[in-house]
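Trainee: Any chance you could fold what I've pasted below:
(2 chains)
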Amino acid sequence: MVRLPYTTALTTLFSYGLLFAFGQLRDFFRQLIDWFKANDVKGYAPICLGLEDFYVRRLYMRIQDCFGRPIASAPDSWFDVVERYSNGSDKTLKLTSNTSRCLNLGSYNYLGFAAADEYCTPLVIESLKKYSSSTCSVRVDGGTTKLHTELEELVARFVGKPSSIIFGMGYATNSTIIPCLVGRGGLIISDSLNHNSIVNGARGSGATIRVFQHNSPAHLEEVLREQIAGGQPRTHRPWKKIVVIVEGIYSMEGELCKLPEIIAVCKKYKAYTYLDEAHSIGAVGQSGRGVCELLGVDPADVDIMMGTFTKSFGSCGGYIAASKEIIQHLKLSCPAHLYATSMSPPAVQQVISAIKVILGEDGSNRGAQKLVRIRENSNFFRSELTKMGFEVLGDNDSPIMPIMLYNPAKIPAFSRECLRQKVAIVTVAFPATPLLLARVRICISASHTREDLINALDVISRVGDLVGIKYFPAEPPKVSEADHNKLE
Amino acid sequence: MEVILPIANATAAAIARVSAAFNAPHARAVVFGIHIDGHLVVEGLLIAAILFQLSRKSYKPPKKPLTEKEIDELCDEWKPEPLCPPIKEGARIDTPTLECAAGPHTTIDGKEVVNFASANYLGLIGNEKIIDSCVGSVEKYGVGSCGPRGFYGTIDVHLDCEAKIAKFLGTQDSILYSYGISTIFSVIPAFCKKGDIIVADEGVHWAVQNGLQLSRSTVVYFKHNDMASLASTLEKLTHGNKRTEKIRRYIVVEAIYQNSGQVAPLDEIIRLKEKYRFRVILEESHSFGVLGKSGRGLAEHYGVPIEKIDIVTAGMGNALATDGGFCTGSVRVVDHQRLSSSGYVFSASLPPYLATAAISAVNHLEENPAVLSNLRSNIALLHKG
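Mentor: Next comes the predicted model:
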């Protein structure tokens, strides 16, 4: 958890207050000027009224160049970031044709499948020539090819469940599946830091939603007891079913979910569990099978396991793995299966090849090497950052490490200075994180070499000193044995 | 008689004394300079009585929260429904599995069949040039884009594709989404919030309905493709209602309805929109690349300038033989979506090879307008037969 010192909280609040005040001043002058200028769109209410987009106009636009940076090559460990310039006050950014080669610490490329791979790419090109880039049909009406059925069986085998179903987009998977499982009269208990797709799916389902404190099995138990005893709101009828939704690795904290305890609580109170492994499948675990393998949980204990192919497999899309009856039910009722274009066949082939590499079925041990490398890289990077005095969140073995910034002025400072020194990082602020807790989020990949990481640590340390985010005391460098003997 | 008389005398004496105390003109007590008249004493006593009653606690039945043992018993007794309902016997769907590309002729189970199920309107599946450009893209950029648009997931082919589509349609800017159906169900909640009014056609497809539900606005449906019904609905909503001028109002229609195949009469809709001051959201998934002399969609088909339609969305999984979707309109409309459309901000971007396929498909359409006349003659043939 984040420990926010009082002085930092005060200075951060003061900064935001100052930005808010300046924004209001500018808005006031803008209103004056607009009052004089004639408005030719009379009669239509404006798209955003008043303070609805205040944050976007007055705070986000000032640091717009830190986000949405275009790239001109594959998002591998080194990539080309396109330079942009703005004519005045960052309102519009124009592209130049210059690119700069930077180290990529921002893309979700955990196992290094983002660029062309020696095993996967020839197979992808072959499938492109055979099946073309899209099927132009929905799954049930001629959109299912042999590749789709092969992938569904492979995913089920990889994850450890009897059967699975795949979709073309991870976000749509969550937001269309949850309404099929729970409806009115049901209860969804979700972690307070769940992703927007889960929140959207829960809202669209019509069930009652309750939130439990992030990663706290004790509070989950409290909420469950209270809700089962109380029943549905107002009528107090018993709930039809209760689904608890958690994520494997939380993308803004880098923390692992306390899965064994949560599963134990859910089993005791007969609630169903839904595990979203978007960031953890393929990236953690001895053989890449996700948090269940890492924390020693039997996949049969989790009712529904969901994941995406975007992060570790270098493709696009999502999957749900569960028992045969649930998958059969989803195939008959899930709108993303019945109404949406099926997943593009080359993307399916990419996932099939990537899973085969991870399992070692392509005849080499590259998969095992990648898994070992990402674990070593993550642990090395995290320990070095903590030694330097940064406040790093997240657990060991997790490839995501957020470094706390807090102050809004440090966000563009850190981001721009790192880019100038050829390291591309991602900064996250409100609304993805709470207002006072802005951070830098680093994603490690198996394709980063040790030299890359040391170089990155060097740059981050220098920029960290410049910007002043080493909130903790650094460990003194170890005196080597020879020098120690000399001293004595 | 002896008992009564003294009592009567005593009572009369008491009453006389009390009334003397109250009524005697000179027998007035002066307390702190205030003359105390009789009625003041009575009022003082009444106030004291009221204050006494107010200060007493009202009777509430004692609250008894459930004990831990009772909660344990309730939790043990509770039986949840199964997670999925049992499958009815006749409800199985047998989906055909293709063994090659979903072109006009395809193979299922070893047999060659004619394909009337794919939405491959321009026949671009299997087109050599498009596949070559995709191969080049896969070799250069890999398959996936590994990040959302805000965090290094914006690749230059995305920007090229957006510019190309905007130029092709003649609008100011466009924005790409990574999945066909997610386009419309992200666009509608980005613009329509609680308290807004949406007038939508009854026959819109599932993704539009989902977007309407997620937006939490007031939705009023009009009869499918019936302009008289639309006019009367708009009239009813705006008649005499001064408040409606401050609320955002939208009409949501599809160009070619997925569920019924009918074409929406755009000129009539634009006329009504301008009269009642609504904004139009037009869903062009099945008409982009199909209607209009050069495939530019419903606006070209009816000869309406594209600027009059506020928001145009389309899924590219039909005529353009790729995946994903786009939304075009004015710069204000598109810029607003870059930060508040959930399917754009919180999801990984479109794989770059699909964006390249879209660019090649639009190029092909621009260079060979003859495919449209082929399509039209096929449609006419089937209609006649």
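
Trainee: How many neighbouring residues does residue 145 have?
Mentor: Defaulting to chain A. 26 (other CB atoms under 10 Å in any protein chain shown). Using the backbone N, CA and C atoms, a C-beta is placed for each residue, glycine as well.

Trainee: Actually, chain B is the one I wanted.
Mentor: By the criterion of other CB under 10 Å, B:S145 has 33 neighbours.

Trainee: Would you agree it falls within a strand?
Mentor: No. The assignment for B:S145 by DSSP: H, G, I helix; E, B strand; the rest coil gives coil, which leaves it out of any strand.

Trainee: That one against B:L354, yeah?
Mentor: No. In this structure B:S145 lies outside contact range of B:L354 using CB atoms under 8 Å: 9.8 Å.

Trainee: shouldn't B:E99 be in contact with B:T107?
Mentor: Yes. Counting by CB under 8 Å, B:E99 does reach B:T107; the two are 4.5 Å apart.

Trainee: Quick check, pLDDT for A:V41.
Mentor: At A:V41, the pLDDT value in this model is 59.

Trainee: nope, A:T235 is what I meant
Mentor: Model confidence at A:T235 (pLDDT) stands at 89.

Trainee: do B:L354 as well
Mentor: 93.

Trainee: all helices for the stretch 301-450 of chain A, in order.
Mentor: Ranges of helices in the stretch 301-450 of chain A, per DSSP state H, counting those that start in this stretch, are A:324-333, A:335-338, A:345-359, A:366-388, A:410-420, A:450-467.

Trainee: In contact with the closest residue in space to A:I71 that isn't next to it in sequence, which residues are there?
Mentor: Of all residues beyond its chain neighbours, the one nearest A:I71 is A:F79 (5.2 Å), with distances taken as CB to CB, 6 or more residues apart in numbering or on different chains. Contact analysis of A:F79 by CB atoms under 8 Å, 6 or more residues apart in numbering or on different chains lists A:71-73, A:101-102, A:104, A:107, A:424, B:152.

Trainee: Just the terminal-to-terminal distance for stretch B:301-319.
Mentor: Terminal residues of stretch B:301-319 are spaced 16 Å apart (CA to CA, to the nearest Å).

Trainee: Now do the helices in the stretch 1-150 of chain A.
Mentor: Using DSSP H, counting those that start in this stretch, helices in the stretch 1-150 of chain A cover A:6-36, A:54, A:120-131, A:146-159.

Trainee: The last one close to chain B?
Mentor: Spelled out, that is helix A:146-159. Yes. Helix A:146-159 lies within reach of chain B by CB under 8 Å from any CB of the partner chain, at A:146, A:148-149.

Trainee: Quick check: A:H236 vs A:G230, distance?
Mentor: 7 Å (CB to CB, to the nearest Å).

Trainee: Give me the more crowded residue out of those two.
Mentor: Neighbours per residue, other CB under 10 Å: of A:H236 and A:G230, the larger number sits with A:G230, 14 against 9.

Trainee: ok, how many other residues are close to A:L123?
Mentor: Neighbours of A:L123 (other CB under 10 Å): 17.

Trainee: for the stretch 101-250 of chain B, what spans make up the strands?
Mentor: Residue ranges of the strands in the stretch 101-250 of chain B, as given by DSSP state E, counting those that start in this stretch, are B:105-108, B:111-114, B:173-177, B:197-201, B:218-222, B:249-254.

Trainee: Would you mind putting these into TSV with distance to chain A and mean pLDDT alongside?
Mentor: Shown next, in TSV, are those (distance: least, CB to the nearest CB, whole Å; pLDDT from 0 to 100):
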stretch	distance to chain A	mean pLDDT
strand B:105-108	8	85
strand B:111-114	9	87
strand B:173-177	9	93
strand B:197-201	10	92
strand B:218-222	14	92
strand B:249-254	7	92
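
Trainee: Adding mean neighbour count as columns, could you present those in TSV?
Mentor: TSV is the format used below for the strands of the stretch 101-250 of chain B (neighbours: other CB atoms under 10 Å in any protein chain shown):
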stretch	mean neighbour count
strand B:105-108	16
strand B:111-114	10
strand B:173-177	24
strand B:197-201	22
strand B:218-222	16
strand B:249-254	24
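
Trainee: Out of those, the one nearest B:V18 is which?
Mentor: strand B:218-222 (71.6 Å; CB to CB).

Trainee: Direction included, what does the closest one pair against?
Mentor: Here strand B:218-222 is paired, per DSSP bridges, with strand B:197-201 (parallel).

Trainee: Show residues contacting the partner strand.
Mentor: B:188, B:192, B:208, B:212, B:215, B:217-222, B:224-225, B:230, B:233-234, B:237, B:244, B:247-254, B:257, B:264, B:278.

Trainee: what's across from the residue nearest to A:I71 in the sheet?
Mentor: A:C102.

Trainee: which stretches of the stretch 1-150 of chain B have low pLDDT?
Mentor: Along the stretch 1-150 of chain B, the parts satisfying pLDDT under 70 run over B:1, B:20-31, B:33-36.

Trainee: which residue ranges form the helices in it?
Mentor: B:4-23, B:38-55, B:68-77, B:128-141.

Trainee: how about these in CSV, adding distance to chain A?
Mentor: Below are those laid out as CSV (distance: least, CB to the nearest CB, whole Å):
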stretch, distance to chain A
helix B:4-23, 59
helix B:38-55, 33
helix B:68-77, 5
helix B:128-141, 5
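
Trainee: Which one of the ones you listed lies nearest to A:Y6?
Mentor: For the helices of the stretch 1-150 of chain B, the distance to A:Y6 is smallest for helix B:68-77, at 38.2 Å, taking CB to CB.

Trainee: Next, the buried residues of the closest one.
Mentor: The neighbour-count check on helix B:68-77 (16 or more other CB atoms under 10 Å in any protein chain shown) flags B:71, B:74-75 as buried.

Trainee: Over to stretch A:53-72?
Mentor: Applying 16+ other CB under 10 Å to stretch A:53-72 flags A:53, A:55-60, A:62-72 as buried.

Trainee: for stretch A:95-110, same thing?
Mentor: Buried residues in stretch A:95-110 (16+ other CB under 10 Å): A:99, A:102-110.

Trainee: interface residues of the stretch 251-385 of chain B facing chain A?
Mentor: B:277, B:279, B:315, B:317-318, B:321-323, B:332-333, B:336, B:338-340, B:342-343, B:345-348, B:350-351, B:353-354, B:357.

Trainee: Inside helices: which ones of those?
Mentor: Of those, the ones assigned to helices by DSSP state H are B:332-333, B:336, B:338-340, B:342-343, B:345, B:353-354, B:357.

Trainee: Contact residues of the stretch 301-450 of chain A facing chain B?
Mentor: Residues of the stretch 301-450 of chain A lying near chain B (CB under 8 Å from any CB): A:303-304, A:308-311, A:313-316, A:325-326, A:328-332, A:335-336, A:338-341, A:343-344, A:346-347, A:350, A:424, A:426.
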